[in-house]
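**Q** Can you look at this prediction? I've put the sequence above it.
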Amino acid sequence: MKTTLRLIALCATVAVLAVSLGCSSSGGAKAVGSTLYSQVGGADGCEKLANQFGANIQANPALNSVIDAGVVTALQSGLTNDIMRASGMKPSSDMSLEDAVEGQKLDANGVAGISNALTQAGAQLKLPKETMSSLTPLLKPMSKSLLGM
């Protein structure tokens with residue numbers, strides 16, 4: 001009987017420690033319970049991220065020579081909409097990152113430039129690593145579309 005109680009107490013202690021570690025300041029419960037939309041800061045955060053993403057694309061000479069301002073605007077809108085879709089929300093339009101680059105002639109370097117523009121935007125806005133890990137998969141459909149993967 002005492003052995004069973006000790007085993008139960010040990011299991012309970014391990015469970016409490018696991019939950020405590022999971023809820024530490026590294027993101028834990030907040031990251032698990034929040035949507036990508038809320039992790040980037042809601043509407044204001046999405047707008048800031050999209051604007052910085054667009055500015056980074058325009059600052060890249062290799063990209064701005066093949067992507068015009070209209071495509072940059074579409075990429076910004078597509079990013080916001082894809083974040084909303086990933087969060088289970090209905091976006092304001094059907095535009096996606098993949099739709100934004102439809103018909104563009106971008107090679108692997110161009111796709112890498114767009115990816116870097118998003119990574120840089122996240123760093124410039126000091127988004128947590130966990131949030132960036134959730135954002136970068138949004139680029140996969142676009143990359144597959146452009147590179148025929």
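**A** Arrived safely.
**Q** Helix or strand: which one has the residue sitting nearest the centre point of the chain?
**A** Centroid check for the chain by CA atoms, centre = their mean gives Leu135 as the closest residue, at 1.2 Å. Assessed by DSSP states H and E, Leu135 sits inside helix 129-135.
**Q** Need the CA coordinates for the helix or strand hosting Lys144. PDB is fine.
**A** Using DSSP H and E, Lys144 sits in helix 140-147. Output in PDB follows, covering the C-alpha atoms of helix 140-147 (Å, rounded to 0.1, in the frame of the first residue of the first chain):
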ATOM      1  CA  LYS A 140       5.900  26.300 -48.500                       C
ATOM      2  CA  PRO A 141       2.900  26.400 -50.900                       C
ATOM      3  CA  MET A 142       4.300  29.500 -52.600                       C
ATOM      4  CA  SER A 143       7.700  27.900 -52.900                       C
ATOM      5  CA  LYS A 144       6.300  24.700 -54.300                       C
ATOM      6  CA  SER A 145       4.200  26.700 -56.800                       C
ATOM      7  CA  LEU A 146       7.200  28.700 -58.000                       C
ATOM      8  CA  LEU A 147       9.800  25.900 -58.100                       C
END
